[in-house]
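[1] Sequence first, then the predicted structure, then my questions.
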Amino acid sequence: MKEENQAPVEQTDQASGETDTQGKDSVSLSSYQKVLKEKKARDAKLSEYEAKLQKLEEERLEKDGKLQELLESYKKKTTELEQRLEKTNKSYAWNTLTGEIKREASSLGCKDPDKLIRLMSDDDLRAIEVGENFSINRASLMEVLEKNRKENHFLFGSSSKQAAPGIPTTKAFEKPEKEIKDMSLEEIKEMYKKTRKY
């Protein structure tokens, strides 16, 4: 049998040395867990080495008197961290705001709070005050919700009760002279006509 050099992707042998009955490739759970554990250990080592390399590079620049380059690298890191923090704060504020809108809208009888948020204008969303500690000003929230409740009334439906067909009567129900079981069909029909007027 002739062996060919194949790339790892092209090889059909299994890591566990098994193939299933349908001819498809499969890897045993233990092999997978072993490889995953090795990958995590390698990634941790790589991160550790990158940190050491960064520290050595900073020490070298400091020794060589290239403080300007070191200062630039610190500025770059600071800028990246500030951008990440700002993005995280905006995301958290948005999640807090939408969560509070959904909760209050549901308590007001909104059928679909997500749709209500999508229908709100940007000005309405900006009108809701969010504090430094991500607290929502309830008064501004309720004001915006009331405005949107009027504009999007179809989302705030109340389940109206069905009225019984017929004309209401003010007469009290009179007890029949005979029990229903003793009445004929004609007598029952006549009694029904007296009680129901259309």
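    In hand now; what should we look at?
[2] any weak-confidence spans in this protein?
    Residue ranges of the chain with pLDDT under 70: 1-25, 158-174, 176, 196-198.
[3] Please, where are all the helices along it?
    29-63, 67-107, 113-119, 122-127, 138-151, 185-195 (DSSP state H).
[4] For the third one, which outside residues touch it?
    Judged by Cβ atoms under 8 Å, 6 or more residues apart in numbering, the contacts made with helix 113-119 from elsewhere in the structure are T98, I101, K102, A105, S106, C110, N148, E151, N152, L155. Backbone N, C-alpha and C define where each C-beta goes, glycine included.
[5] Now for the fifth one, how many residues are close by?
    If I follow you right, that is S106. Using other Cβ atoms under 10 Å as the criterion, S106 is surrounded by 13 other residues.
[6] out of everything not next to it in sequence, what's closest to it?
    Closest residue to S106 apart from its sequence neighbours, by Cβ to Cβ, 6 or more residues apart in numbering: P113 at 5.6 Å.
[7] quick one: that neighbour from K102, how far?
    P113 sits 4 Å away from K102, going by Cβ to Cβ, to the nearest Å.
[8] The two - which one has more neighbours?
    P113 (19 against 16).
[9] From E132, how far off is the more buried one?
    From P113 over to E132 (counting by Cβ to Cβ), the distance is 26 Å.
[10] before we move on, what about N95?
    16 Å.
[11] More neighbours: which of the two?
    Taking other Cβ under 10 Å, N95 and E132 do not tie; N95 has more neighbours (11 against 5).
[12] Report how many residues lie close to the closest residue to V144 other than its chain neighbours.
    Once flanking residues are discounted, V144 sits nearest to D124: 4.9 Å by Cβ to Cβ, 6+ apart. If you count neighbours by other Cβ under 10 Å, D124 ends up with 18.
[13] D124 touches E146, doesn't it?
    No - counting by Cβ atoms under 8 Å, D124 does not reach E146; the two are 10.9 Å apart.
[14] Domain-wise, how is this structure divided?
    Annotated domains of the chain cover 31-87, 89-155 [automatic domain parsing].
[15] To I188, which of the ones you listed lies closest?
    domain 89-155 (43.9 Å; Cβ to Cβ).
[16] roughly how far out does the closest one sit from the chain middle?
    15 Å (Cα atoms, centre = their mean, to the nearest Å).
[17] Quote the end-to-end distance of it.
    Domain 89-155 has an end-to-end distance of 30 Å (criterion: Cα to Cα, to the nearest Å).
[18] start the count at 52, not 1, going forward
    Got it, the first residue is 52 from now on, which makes the last one we talked about domain 140-206.
[19] Which residue is the nearest non-sequential neighbour of E202?
    L170 is the one closest to E202 (Cβ to Cβ, 6+ apart), at 7.8 Å.
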